[in-house]
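Colleague: Any chance you can model this:
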Amino acid sequence: MRIKMIATDLDRTLLKTDKTVSDHTARVFERCRDQGMKLMFATARPIRAVKALELGVCFDAGAYHNGAVLTIGGKIIQKRGIAAHTAVDLMLKAADTFKDLVISVEIDDILYANIDVEEEWQDGAVLTDFTDLPDMPFDKIVFWTAERSHIDGIMQLLPEDLHAAITEDILFLVMHEQARKRNAVEEAARRFGFTLSEVAAFGDDYSDMEMLRDCGAGIAVANAKDEVKAAADHICGSNDDDGPAKWIELNLL
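Modeller: Okay, the predicted model is just below:
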C-alpha cells in the first residue's frame, strides 16, 4: 500500500473522549511526517475550536466546517460558502416554520445564534435575529435538532446548491454543495501532488463516509456508526484505544 497522505476526522476518531490526543498517537503521526507523509485533519469544527485543542500533532492541511474551509500551512486557500441571501432566507423560513428552533451560523470564524449566549457556548456567540448578519459567504448553518419533523421540513426548504449532514446525533448542518470533507481532502492532495488513491482516511460519522469510500484506504474506528463501517475498507480500534495510530503502525510504518 503506497500511502503519501493521511487524512483524519478529529472528534471520536483521532481525539479521545476527553478531547485529547495521546502521546503514543502523536509519536506515530510524527513518524509519518518523518517518512515524508503529509498529514491532514478534516472536521466539522471551526478554526477557533481546533486552535483551542492541544493536538500535539503538526498538520500540513486542515478542512473545517466539513470541508467548507481548507487551509494549507495554516493559510486559508479555499472557501466553499453559502451566499448570504440564500442562507438568511433559509434560516428565516426555518425559524418561522419551527418556533423555538435554535439556529446558529458560522461566518468568518464568528458564531451567530438566535438565542442568548450562555455557558454552553464555550467560544461565545453573537445574538442575532438573522436580519443583521454580514453580507459575505456563510461557512455553515447549524440547526440544533434531531427531530425528524424538523429535519424533513428543513430538507424541503434547501435549494439545490446546498446539502445537509447530521453529526453528533443532535446537529443538523447545512453547507454549500461542494463543501464536503472528501472534496477538501482531494484538493489538498492535488496541491501536494497526490491523488485520492494515495490517501488513507480515518473517520466515524456520516460526513466521513465519502472520504472513506473514495480514498485509497478508508478506515473506520471501532466506535464508528454502522453505516460508516460498511463504507470503509478497514476497521481499526476505537478512538480511546489509539485505533488510527495502531492501524498506521501495523500497515504503513
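
Colleague: For the rest of this, base every contact and every neighbour count on C-alpha atoms.
Modeller: Will do.

Colleague: pretty sure Ala68 is in contact with Ile82, am I right?
Modeller: No - Ala68 is beyond contact range of Ile82, at 9.2 Å (criterion: C-alpha atoms under 8 Å).

Colleague: Give me the common contacts of these two.
Modeller: Asp139, Lys140, Met175, His176 (C-alpha atoms under 8 Å, 6 or more residues apart in numbering).

Colleague: From the residues you listed, which land in strands?
Modeller: Using DSSP state E, the members of the shared contacts of Ala68 and Ile82 that fall within strands are Lys140, Met175, His176.

Colleague: Neighbour-wise, give me the winner out of those.
Modeller: Lys140 (28 neighbours; other C-alpha atoms under 10 Å).

Colleague: What average pLDDT does stretch 201-219 get?
Modeller: Stretch 201-219 shows a mean pLDDT of 97.

Colleague: Need the residues that contact it.
Modeller: By C-alpha under 8 Å, 6+ apart, stretch 201-219 touches 3, 6-10, 12-13, 66, 165-167, 180-182, 185, 196-200, 220-221, 223-225, 227-229, 231-236, 244.

Colleague: could you redo the last one with a cut-off of 7 Å?
Modeller: 6-9, 12-13, 165, 167, 181-182, 196-200, 220-221, 223-225, 228, 231-236, 244 (C-alpha atoms under 7 Å, 6 or more residues apart in numbering).

Colleague: what about dumping the CA coordinates of that stretch to PDB?
Modeller: In PDB, the C-alpha atoms belonging to stretch 201-219 read as follows (Å, rounded to 0.1, in the frame of the first residue of the first chain):
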ATOM      1  CA  ALA A 201      -8.600   8.400   5.700                       C
ATOM      2  CA  PHE A 202     -10.000   7.800   9.100                       C
ATOM      3  CA  GLY A 203     -13.500   8.600  10.400                       C
ATOM      4  CA  ASP A 204     -16.500   7.700  12.500                       C
ATOM      5  CA  ASP A 205     -19.600   9.700  11.300                       C
ATOM      6  CA  TYR A 206     -21.800  10.200   8.300                       C
ATOM      7  CA  SER A 207     -19.800  13.200   7.000                       C
ATOM      8  CA  ASP A 208     -16.700  10.900   6.800                       C
ATOM      9  CA  MET A 209     -18.300   8.300   4.500                       C
ATOM     10  CA  GLU A 210     -17.500   9.800   1.100                       C
ATOM     11  CA  MET A 211     -13.900  10.400   2.300                       C
ATOM     12  CA  LEU A 212     -13.600   6.700   3.400                       C
ATOM     13  CA  ARG A 213     -15.100   5.400   0.200                       C
ATOM     14  CA  ASP A 214     -13.000   7.400  -2.200                       C
ATOM     15  CA  CYS A 215      -9.600   7.400  -0.600                       C
ATOM     16  CA  GLY A 216      -7.100   4.700  -1.300                       C
ATOM     17  CA  ALA A 217      -7.700   3.300   2.200                       C
ATOM     18  CA  GLY A 218     -10.800   4.200   4.200                       C
ATOM     19  CA  ILE A 219     -10.600   3.200   7.800                       C
END
